[in-house]
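K.L.:
below: sequence and its predicted model.
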Amino acid sequence: MQKRPTQIDSTTTERYIVHVFTRSSKPTAPSTTGQAFLEAAGSVVNDIERYYSTLPSRPVLPSISPGYLQKLLPSAPPTHGEAWSDIERDIERAIMPGITHWQSPKYMAFFAASSTYPGILGEMWSAALTSANFNWICSPAVTELETIVLDWLAHILALPDIFLSKGEGGGVIQGSASEAVVTVMVAARERYIRRQLERRGVTDPDEVEDQSCELRGKLVAIASAEAHSSTKKGAIIAGTRFRSIPVHRSDGYALTGEQVRAKIEELQAKGLHPYYLGVTLGTTNTCAVDDFESVTEVAKDYPDIWIHCDAAYAGSALVLPEYQHLSKQMTFVDSFDMNMHKWLLTNFDASCLYVRKRKDLTDALSITPTYLKNQFTDSGLVTDYRDWQIPLGRRFRSLKIWFVLRTWGVEGLKQHIRHHLKLADLFAGLVESRSDIFRLLTPPKFALTVLTVKPRNSKQPELAKVDAGDPRPDQDQQIPIEPETDDEELKKANDITKEVYTRLDETKEFFLTASVIGGVYAIRVVSSNPLAEEKYTIVTGASVGLGRHIAKAYAAAGSSVACVARREPDLKSLVEEIKSAGGHAVAIVADVAERGAPKRIVSQTESELGPVDILCNNAAISRIGPITLEDENMDIWWRVHEVNVRAPVALIRAVLPSMMERKTGTVITISSGVASMALPVMTAYASSKAAISKFHELLTIELKGTGILSFSATPGLVQTELGKPEDALNKAAMDHPLLKAFMGSVSGMKNQQPEVLADVLVAMSADERFKALDGKFISADRDVEPVVKEAEKEGGGRVGKENLYTITIPQL
Ligand code: PLP
């Protein structure tokens, strides 16, 4: 190889480069040019968008075993750099199988971790401008934007002015609520010790050190037993003791001033020094809110104790005026922290910590060696956030907060939180409507519902009610108090709840968390995921028969239903029935076969509910009569096709544009086994049903890759209004000998239960596994489970290979 010149002029450089590229078969350096970045980033952004748009259809939980990644990756790093296209491929191959999809709408565990496109863009810019940002001079914009957006946020959350930067307080972004706790605990500890020593008049440095160390050993942090574990961990890190205060279900798991006072007195009597009190706005288990009013009264008597309010998750709800009486109560705390990365649309990490007196933080955490000194710091005119936190370096996190606040605006944030609260109320309503099975441990709070399962033949008496201290004063909510259960009853309830939870967990369809709260095993359901949304379903022919059951089944499964039919009184009673069972439905009076009706039905659904996720075409008519019918009866024959074919197709066409845009949706039309049978004198019905089933099969091919599923389904024999003779043609034809003969041949067939069929339809729209049957003509009256299992096999199993569940012509 040519010796590398010491002085490189342009000609030698060229020669040198040519030499490297001609001699070496592998690139020696990775391609990191701007052009390569443009290509790679473009591809990543595309992949991320595709990931988000396919999230609802991915299983939320991974199906791998511990150590799976070791088997997929080489045991050593590559010797030579790899091309981005090779690296990128491994995201789907190696990483995705081990990802729990926190952004999936099926993720309802712990608390949400928001991710939004503006949040991601903020992270991209933050990465691009990477710097350590410990002092103002490191990048003045980083510090100044942080101060500005945290002041904005304080206004949005209606926090008292004491937390604004214009006074003695201010906000700082921390990595997590736990980090915020440790940070303020250290400040609390130092402030407490300083004040004690000042009171004792100790000034000699050696004496200060001795007495400080002695006092530290007696310091105790206190918080409710329902406070987050970070309080105990913080106390361990701060080198102090921790004591928790038991709270009770009868108080809604809230900590009261009385309990705080009793604990302080108890500790002081033992010669210990409570120096830190943690209160919570939205505990992890049940989102309980401590009784700030009574704690405020007690706090007045103990001004040396630092009070920190942990509002990690529920603090986001303070954007709503109906919760802002809580913000106003925050005048008694020394610090307040909430995570925008949980519920306020900002990507991890963005924990917003406010302190009443920033000097308390800087007194405890400021150490300035010579190399950190600069004229701006010395002038005292700038903020150096390194003195407000434990690490030195810090990321540019305010950028994503800025992007999020500007993208949504205050009104947008309010709508976002309200949407999730509404979802939780809807879910809790459904749970309550099955009080024979479930029990709410607490009413939904901050989009968290906590429930238990009732044991069969439970001896538990009716639950007494007590005030749960709902944070919204206008909500007169109550929670059931724990009844006097003997241990045996409680154990039974715990066992069954645990079993239900375990089974749910095993299906990996949803990700929920369970917890033990005051000895009660409970399941937590969190509805505050950015992608969590209600499903909106249209059911036609909903007023009676099978359609009525279908509408009720979708509502019971949590979807809001637009019930469509011609008969208004029946529809109204259906909507009432759904509402009284805790569901949500609207009535749309329409004849689906009327020109213009499908479009009107869809736009009315969109304006009264939202974009249609599921369309269930159930409306149909049947006419029985020989094909040698009178001319005027030909119109009736044709009307059957208008109702059974043209109307569902028109409805599908009306819902498709929005479904295609959102890359999700299910369209189902109820067909009939008659489509494939040789049933005489039913030519209108049979040919219309054959046509619509074929239509669905072909629609699937056209919609491939759009995320929209299309099925037709036969309900088997159901007693409905459909078969009832409605007019002369039907009545006369009922006695047709060919029909009678056919009916005789199927007389042994069992009638199907409409409730079961309706549940199968719901499963077809909700269970991911039905993707394997996309386009099929499904017999909802048979056991569909083995069919799904077969179709899920390689190549669709027998279902795929033999083209089962389609209208085909077997030939010689
Ligand atoms: N505080 C409360 C009330 C929480 O619910 C949680 C987490 O869920 C935390 C603190 C800890 O949050 P972080 O992960 O930001 O430390």
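P.N.:
That came through, no problem.
K.L.:
interface residues of the protein facing the ligand?
P.N.:
Proximity of the chain to the ligand, by Cβ under 6 Å from any ligand atom, involves residues 110-111, 176-178, 228, 230, 280, 282-284, 310, 312-313, 339, 351. Every C-beta, even on glycine, is put in place using the N, C-alpha and C of the backbone.
K.L.:
hmm, which of these are the buried ones?
P.N.:
111, 176-178, 228, 230, 280, 282-284, 310, 312-313, 339, 351 (16 or more other Cβ atoms under 10 Å).
K.L.:
can you read off the pLDDT for the spatially closest residue to L61 that is not a sequence neighbour?
P.N.:
Leaving aside its sequence neighbours, L61 sits nearest to K508 (Cβ to Cβ, 6 or more residues apart in numbering; 4.3 Å). At K508, the model reports a pLDDT of 83.
K.L.:
wait, K508 touches T100, no?
P.N.:
No: contact criterion Cβ atoms under 8 Å: K508 and T100 do not qualify, at 10.1 Å.
K.L.:
need the overlap of contacts for the two.
P.N.:
Shared contacts of K508 and T100 (Cβ atoms under 8 Å, 6 or more residues apart in numbering): V60, L61.
K.L.:
how close does the residue nearest the centre of the chain get to the ligand?
P.N.:
Nearest residue to the geometric centre of the chain (Cα atoms, centre = their mean): N529, 2.5 Å. Going from N529 to the ligand by Cβ to the nearest ligand atom, to the nearest Å gives 14 Å.
K.L.:
SS state for that residue?
P.N.:
Assigned with DSSP: H, G, I helix; E, B strand; the rest coil, N529 falls in the coil class.
K.L.:
V539 too?
P.N.:
strand.
K.L.:
same question for S294.
P.N.:
helix.
K.L.:
ok, it - contacts?
P.N.:
S294 touches T256, G257, E258, counting by Cβ under 8 Å, 6+ apart.
K.L.:
with neighbour count added, can I get those in TSV?
P.N.:
As requested, those are exported to TSV (neighbours: other Cβ atoms under 10 Å):
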residue	neighbour count
T256	20
G257	19
E258	14
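K.L.:
break the protein into its domains for me.
P.N.:
44-73+84-101, 125-410, 414-465+484-526, 535-794 (the TED database).
K.L.:
ranking these by mean pLDDT, which is last?
P.N.:
domain 414-465+484-526 - the lowest mean pLDDT of those, at a mean of 86.
K.L.:
any idea how many residues pack against the closest residue in space to Q604 that isn't next to it in sequence?
P.N.:
Of all residues not flanking Q604 in the chain, I588 sits nearest, at 5.4 Å (Cβ to Cβ, 6+ apart). Neighbours of I588 under the rule other Cβ atoms under 10 Å: 19.
K.L.:
wait, I588 sits on A562?
P.N.:
Yes: counting by Cβ under 8 Å, I588 does reach A562; the two are 5.4 Å apart.
K.L.:
what do those two both touch?
P.N.:
Jointly contacting I588 and A562 under the rule Cβ under 8 Å, 6+ apart are I601, Q604, T605.
K.L.:
just the buried ones from the residues you listed?
P.N.:
I601, Q604, T605.
K.L.:
just give me the closest of those residues to the ligand.
P.N.:
T605 (36.7 Å; Cβ to the nearest ligand atom).
K.L.:
not counting its neighbours along the chain, what's nearest that closest one?
P.N.:
A562 is the one closest to T605 (Cβ to Cβ, 6+ apart), at 4.1 Å.
K.L.:
mind giving me the packing neighbours of the host helix or strand of that neighbour?
P.N.:
According to DSSP states H and E, A562 maps onto strand 560-565. With contacts taken as 3 or more Cβ pairs under 8 Å, 6 or more residues apart in numbering; DSSP states H and E, strand 560-565 sits against strand 536-540, helix 545-556, helix 568-580, strand 584-589, helix 597-608.
K.L.:
nearest to G707, out of the ones you listed?
P.N.:
Proximity to G707, assessed across the helices and strands packed on strand 560-565 by Cβ to Cβ, is greatest for strand 536-540 (16.2 Å).
K.L.:
now do the same for S25: its pLDDT.
P.N.:
In this model, S25 carries a pLDDT of 47.
K.L.:
longest helix of the chain?
P.N.:
The residue-count maximum for a helix in the chain (DSSP state H) belongs to helix 398-433.
K.L.:
output the contacts of S294 as TSV; include the columns secondary structure.
P.N.:
As requested, the contacts of S294 are arranged in TSV below (three-state DSSP):
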residue	secondary structure
T256	coil
G257	helix
E258	helix
